[in-house]
Every structure is written in structure tokens, then in C-alpha cells.
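S.K.: Here is a sequence with its predicted model. Questions after.
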Amino acid sequence: MGATENGTAAQQPLKFLIYGRTGWIGGLLGKLCESQSIEYVYGSGRLENRVSLETDIAAVQPTHVFNAAGITGRPNVDWCESHKVETIRANVVGTLTLADVCREKGLVLINYATGCIFEYDSGHPLGSGIGFKEEDKPNFIGSFYSKTKAMVEDLLSNYENVCTLRVRMPISSDLSNPRNFITKISRYEKVVNIPNSMTILDELLPISIEMAKRNLTGVWNFTNPGVVSHNEILEMYREYINPEFTWKNFTLEEQAKVIVAPRSNNELDTTKLKTEFPELLSIKESLVKYVFEPNRKTAAAA
């Protein structure tokens, strides 16, 4: 299933059914729908409960379904290491059930997944600019969270109605949100300094709505082009937000002593997304435009 003709999409008013009301991305999606005057309803069913999903779809009659639900663990993915069944239920059973119900009803499912299923290797060395492509097989199973996400992505690839968006280290202009990658690392006692692909939600979430309008499916690396390191972000934070800000680095080996599960570090190839959306900004340009410039004005006003 690819993009439909624009004419067919325009005949039926859009109506989105969104799962993940209490989540960060789910909440932002609702606000975006309001700003674009798109009718939307949050699903009340549990993802792993097929009948409740069928009830939602029958009641809402959506044109598209968005899945921003799932478990990432609180305060972080280490939680999943000791709650494996709960993680499977939400991230595997629930996601597959939703995809299956949507297929049965002839609906495209936009599924916010993760790109934290890869790590730098000999074919994709750190700093080489060679990113993992959509069709590459995941090579990172260091955390149980990533392992479940890799499994479900592989299974979902058999569903022609699913659009899988590999989000990584999401960032938004809301620097007060504890889930924001910038907010997280600015509060850490020490940070590693590794270049990574990341997702600027202010730029990419509107693109995901456009992808629904175009009925795009398949796997997409859903990050801004290029990579940025932890130190580069914190240098920008100091420049734009807080000139007094300081931080300390530590090595991956030192980090390993304070976390339960290893973390994924990688670069994703965004050629496919950039070809479909040529206006997509590089990660550093997007950080300045969508995150730091608006907050600098706010900081100046304060």
C-alpha cells in the first residue's frame, strides 16, 4: 500500500482515533489535530483487548488510527528489565492486536515505534555518516525494551496497512517536560558524549499527520537527518538558555555501572523520509529553529 491519489483522500473528512491519551506523543498529537481542525478521538480500549479496540473503531468510525501507546518504563527503560510480562503485553501483544484489528477494518495504522534497535558496528561505524536503513535487521538487543520493539517491528512488517515510524531520543520545544531528551540530560549528574540520530517532535509530528493523509505505510526512519552529540546539545543549551550551565562527561564503561541495561547509540539513514519530505531540516538546524530559538525568546522575556 503506497500513497493514494490526493483526490480520494480529500473526499472524506479526516477523523483520527489516537491511542496514548496520557502519553507525551499522544498528547501532542491531540493538540496538533486541534490546530489543524482535524477531528480526533482518544481510544478508551486496552490495546491487548481486541473486543475493546473493535468497540472503539465501531463507535468512532475513524479514517486513520494512531498508536502512541506502549511502555517505555519509568523513570527509564531499566524498569522493563524487571517487568517483562507487562512490557510484552503492551509493546508486543497490544501493538499486534491493534494492527490486526485495523487491517480487518481496512484502516491505516500510524505506529510510533523506536529506532533504538541498532548500535554502531563495523558496517556503520561511529562518525562515518553511514546510517542504518529501513530494511536493515536490528542488531541491538541490549535492553529488554529494545528486544521487544525489534520483535514487534519484524512482525508488523507483514502488515501492509501499518506505517512504522522509528522515533529516537525525542526532543520538543517544551523544556519542562521530563521525557524531553534535552531536559533529561540537562538534569543528569554525568552524560556520555556520543553522536546520535534524534527526533525533533515539533517538526516531525506534523509530518506524521501528513503521512496519514498520504496513506503511507511501511517502515520509516523517523529522525532528522544527521547526528548530534550530547555535548553539542548541552553547548547549545548553555548558549541559548542558561549561560551558567555546566556538565560532566563519563565513559560508556562508567555509565554501565549505574544503569541496568545498555543503551542504544546509532545513526539512522533518513534518505527515504527526506525524499518524501524534502523540506525536512537537519538535526542541528531543527534544534535551533524549533527548540532553542523559541526558548531563547522566552528566556529573554523572563
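M.R.: Good, I have the coordinates. Numbering: from 1, shown residues only.

S.K.: Please, where are all the strands along the chain?
M.R.: Using DSSP state E, the strands of the chain run over 15-19, 39-42, 64-67, 108-114, 162-167, 190-191, 218-221, 248-249.

S.K.: Lowest mean pLDDT across the ones you listed, which one is that?
M.R.: Mean pLDDT is lowest for strand 190-191 among those, at a mean of 86.

S.K.: Could you name the helices and strands sitting against it?
M.R.: helix 230-240, strand 248-249 (3 or more C-beta pairs under 8 Å, 6 or more residues apart in numbering; DSSP states H and E). For glycine as for every other residue, the C-beta is placed from the backbone atoms N, C-alpha and C.

S.K.: of those, which approaches residue 32 most closely?
M.R.: Evaluated with C-beta to C-beta, the helices and strands packed on strand 190-191 place helix 230-240 nearest to residue 32, the distance being 24.0 Å.

S.K.: how distant is that closest one from the center of its chain?
M.R.: 22 Å (C-alpha atoms, centre = their mean, to the nearest Å).

S.K.: Kindly report the same for stretch 282-298.
M.R.: Counting by C-alpha atoms, centre = their mean, stretch 282-298 comes out at 19 Å from the chain centroid.

S.K.: For it, could you pull out the residues that count as buried?
M.R.: Within stretch 282-298, the residues that qualify as buried are 283-284, 286-288, 290-292, 295, counting by 16 or more other C-beta atoms under 10 Å.

S.K.: just stretch 28-40 next, same as before
M.R.: Going by neighbour count (16+ other C-beta under 10 Å), the buried part of stretch 28-40 is 28-30, 32-33, 38, 40.

S.K.: closest to residue 91 among these?
M.R.: Nearest to residue 91, judged by C-beta to C-beta, of those is residue 29 at 18.7 Å.

S.K.: That closest one and residue 237: what is the separation?
M.R.: For residue 29, the distance to residue 237 equals 26 Å [C-beta to C-beta, to the nearest Å].

S.K.: Next: residue 59.
M.R.: 44 Å.

S.K.: Which two of the buried residues of stretch 28-40 have the greatest separation?
M.R.: So, these by C-beta to C-beta: farthest apart are 28 and 38, at 13.4 Å.

S.K.: residue contacts, the closest residue to residue 291 other than its chain neighbours?
M.R.: Among residues not flanking residue 291 along the chain, residue 173 sits closest, at 5.1 Å (C-beta to C-beta, 6 or more residues apart in numbering). Residues in contact with residue 173 (C-beta atoms under 8 Å, 6 or more residues apart in numbering) are 202, 290-291, 294-295.

S.K.: No further queries at this time; thank you.
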